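In: Below is the sequence, then the predicted model.
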Amino acid sequence: MINIDLDDKYEVIRTLHQSAATAVILVRHKKIGALRILKAISKASPNANSILSEANLLQGINSSLFPTIFEVEENEQFYYLIEEYIDGLSLREYLLCNKITKEELIEFAIKICELIEILHTAGNEPMLYRDMKPEHVIMQDGKLRLIDFGITIKKSKASTAPVFGTPGWAPKEQLNGNFYDERCDVYGVGKVIEFMQINSYGKDDLSISRIIKKATAENLLKRTKDIKELKQSLIKLQGSKENGKEKRHLEKVIAVVGAVSGVGTTHIAIAMTRFFNQKGINAYYKDLKKNTVNELWKNLSGARIKEGILYHESFSGLMNYGEATMHYQPPVGVQILDCGIDIGETLIEADLIIYVTSGTPWQLESKYPDWLKDNNVYVIDNFSNKLTTIKKAKDLSKRIFMYPMVKQSLRLTKNEERVFQAIINNEKDFKI
């Protein structure tokens with residue numbers, strides 16, 4: 001046992017953790033009866049200054065969501081810290097007893113982002129928490145609070161700090177002692193969201209899975225750039241599920257991707273854009289691979305351009321001006337992305353995916369993507385017949401919409417309209 005002189009201030013309740021050099025003890029203040037946490041570390045330990053560092057960092061944060069520091073003391077053998085005891089269930093304990101809804105999952109995830117955002121914006125430079133896991137998120141009186149800041153550091157210390165972190169929760173760059181920054185905490189939060197999703201009714205939700213995939217990308221360049229971006233993606237997802245009819249269609253992204261080349265993704269994406277506009281929902285077509293809208297501008301009679309958008313009857317498409325495109329933001333509405341055969345990073349941001357296949361022998365697919373099974377992915381079989389489409393539906397165990405044979409035209413036929421209406425009828429956010 002570590003012998004710590006408590007000066008008769010505290011009564012030991014129980015030891016929560018103990019090693020050769022450290023101890024975490026639940027104590028009671030003898031005069032006021034309040035429970036508190038006592039952390040002790042031997043001065044002989046290489047990490048002896050960690051308690052002082054933790055105290056200094058927490059003192060610089062003005063938030064009730066973090067433990068209050070009451071005392072930092074020392075004797076000949078030990079440094080010790082007395083801090084607030086946060087009584088509640090850890091997120092891990094809570095999920096052992098409760099299966100949360102998709103809405104609760106998103107709400108919890110946003111609150112966890114806010115905890116880390118406080119650290120990343122406190123003081124003159126970001127603090128890196130480095131130890132995000134379900135045991136360190138405590139549910140108390142309807143709030144989520146964060147505990148255990150033993151390996152929290154300032155960003156400027158990342159290159160020289162000892163290598164710490166929990167395998168499975170911390171990213172490889174942190175565990176390997178390589179360069180790391182705020183994105184190490186983005187990764188940790190992403191892993192906690194993944195843990196919550198497994199224990200929720202939203203375990204198969206593609207939108208949440210895409211957010212997790214980007215937040216936990218091994219490649220730093222592909223990972224969500226900061227905690228604010230992660231929080232905003234969750235808020236956007238939350239808003240898409242909570243807004244009323246007037247706002248349900250705002251800022252939605254529909255990706256149209258082909259299984260192979262030549263299956264008609266461009267025609268279907270343009271037709272879908274016209275469908276929404278004819279129904280009174282603003283929609284804008286964008287080609288991610290080619291200059292389709294620019295070519296339409298050259299060939300369409302009566303088309304006009306306003307603020308970087310080509311308008312022609314019920315069609316509206318974003319012009320491609322190269323780098324200048326960033327200066328033209330479309331009005332609020334649905335974006336229809338023509339992805340060609342490579343959805344790439346668009347998978348992360350799309351609210352709905354239209355996957356276009358073909359029934360012609362030279363366009364048969366050899367392998368389907370894993371995300372095809374998600375409820376937010378709809379399969380359209382183009383240039384096909386009823387028997388081929390039925391067989392494909394059985395193979396995929398998924399409903400498939402057979403696209404009608406139409407002439408290559410910007411005019412939307414009634415049969416095309418029926419296909420899109422059947423798809424949209426399954427989506428409460430697009431009720432027309």
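Out: Noted; the coordinates are in hand.

In: what's the burial count for residue 96?
Out: Using other Cβ atoms under 10 Å, the number of residues around residue 96 comes to 11. Yep, even glycine has a C-beta here, placed from its N, CA and C like the rest.

In: Would you mind giving the secondary structure of it?
Out: What DSSP: H, G, I helix; E, B strand; the rest coil gives for residue 96 is helix.

In: how far away is it from residue 107?
Out: Distance of residue 96 to residue 107, given as Cβ to Cβ, to the nearest Å: 19 Å.

In: go on, residue 376?
Out: Using Cβ to Cβ, we find residue 376 at a distance of 20 Å from residue 107.

In: was I right about residue 43 contacting residue 78?
Out: Yes. Contact criterion Cβ atoms under 8 Å: residue 43 and residue 78 qualify, at 6.4 Å.

In: more crowded one of those two?
Out: More crowded of residue 43 and residue 78, by other Cβ under 10 Å: residue 78, with 23 against 13.

In: measure stretch 390-403 end to end?
Out: With Cα to Cα, to the nearest Å as the measure, stretch 390-403 spans 13 Å from end to end.

In: List the buried residues in stretch 81-97.
Out: If you call a residue buried by 16 or more other Cβ atoms under 10 Å, then stretch 81-97 has these buried ones: 81, 82, 83, 84, 85, 86, 88, 90, 91, 94, 95.

In: Contacts for that stretch, please.
Out: Stretch 81-97 is contacted by residues 10, 26-27, 34-40, 51, 54-55, 58, 67-73, 108, 134-141, 144-145, 147, 192, 195-196, 199 when judged by Cβ atoms under 8 Å, 6 or more residues apart in numbering.

In: Select from those residues every entry located in helices.
Out: 51, 54, 55, 58, 108, 192, 195, 196 (DSSP state H).

In: The closest residue to the last one other than its chain neighbours and residue 348, how far apart?
Out: Nearest residue to residue 196, sequence neighbours excluded (Cβ to Cβ, 6 or more residues apart in numbering): residue 105, at 5.1 Å. Residue 105 sits 18 Å away from residue 348, taking Cβ to Cβ as the criterion.

In: And for residue 201, the neighbour number?
Out: Using other Cβ under 10 Å, residue 201 has 14 neighbouring residues.

In: quick one: low-confidence ranges for the chain?
Out: Scanning the chain for pLDDT under 70 picks out the ranges 1-7, 239-251, 322-330, 361-366, 408-410, 428-432.

In: Helices of that one, start to end?
Out: Assignment of helices within the chain using DSSP H yields the ranges 50-59, 91-97, 102-120, 172-175, 183-198, 206-215, 227-242, 265-278, 292-299, 346-349, 386-396, 414-424.

In: May I see those organised as a markdown table, with distance to residue 380 added?
Out: Listed next are those as a markdown table, based on distance: least, Cβ to Cβ, whole Å:
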| stretch | distance to residue 380 |
| --- | --- |
| helix 50-59 | 54 |
| helix 91-97 | 38 |
| helix 102-120 | 26 |
| helix 172-175 | 39 |
| helix 183-198 | 28 |
| helix 206-215 | 17 |
| helix 227-242 | 23 |
| helix 265-278 | 6 |
| helix 292-299 | 19 |
| helix 346-349 | 17 |
| helix 386-396 | 10 |
| helix 414-424 | 7 |
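
In: Compare the ones you listed and give me the one nearest residue 312.
Out: helix 292-299 (7.1 Å; Cβ to Cβ).

In: what about that closest one, distance to the chain center?
Out: 36 Å (Cα atoms, centre = their mean, to the nearest Å).

In: what sits against the residue nearest to residue 179 when sequence neighbours are not counted?
Out: Nearest residue to residue 179 in three dimensions, chain neighbours excluded: residue 173, at 6.4 Å (Cβ to Cβ, 6+ apart). Residue 173 is in contact with 179, 180, 184, 220, counting by Cβ under 8 Å, 6+ apart.

In: among those, which ones are buried?
Out: Buried among these by 16+ other Cβ under 10 Å: 180, 184, 220.

In: what about residue 147, neighbour count?
Out: Neighbours of residue 147 (other Cβ under 10 Å): 19.

In: That one and residue 140 touch, don't they?
Out: No. With contact defined as Cβ under 8 Å, residue 147 and residue 140 do not form a contacting pair (10.2 Å).

In: From residue 423, how far off is residue 353?
Out: 11 Å.

In: list the residues that contact both of those two?
Out: Overlap of the contact sets of residue 353 and residue 423 (by Cβ under 8 Å, 6+ apart) consists of residue 378.

In: So for those two, which sits in the more crowded spot?
Out: More neighbours surround residue 353 than the other of residue 353 and residue 423, with 24 against 20 (other Cβ under 10 Å).

In: Just grab the bridge partners of that one for me.
Out: residue 255, residue 377 (DSSP bridges).

In: Contacts only, for the spatially most central residue of the chain.
Out: Taking Cα atoms, centre = their mean, the centroid of the chain lies closest to residue 211, which sits 2.8 Å from it. With contact set as Cβ under 8 Å, 6+ apart, residue 211 has these partners: 190, 193, 224, 230, 233, 234, 237, 348.

In: which among those residues end up buried?
Out: 190, 193, 224, 230, 233, 234, 237, 348.

In: can you redo those as a markdown table with distance to residue 152?
Out: Below are the buried ones among the contacts of residue 211 laid out as a markdown table (distance: Cβ to Cβ, whole Å):
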| residue | distance to residue 152 |
| --- | --- |
| 190 | 19 |
| 193 | 20 |
| 224 | 20 |
| 230 | 19 |
| 233 | 25 |
| 234 | 23 |
| 237 | 29 |
| 348 | 29 |
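
In: Kindly tell me how buried residue 162 is, as a neighbour count.
Out: Applying other Cβ under 10 Å, we find 11 residues neighbouring residue 162.

In: how near is the nearest residue to it once chain neighbours are set aside to residue 30?
Out: Distances taken as Cβ to Cβ, 6+ apart put residue 47 closest to residue 162, at 6.8 Å, once the chain neighbours are dropped. Distance, residue 47 to residue 30, by Cβ to Cβ: 30 Å.
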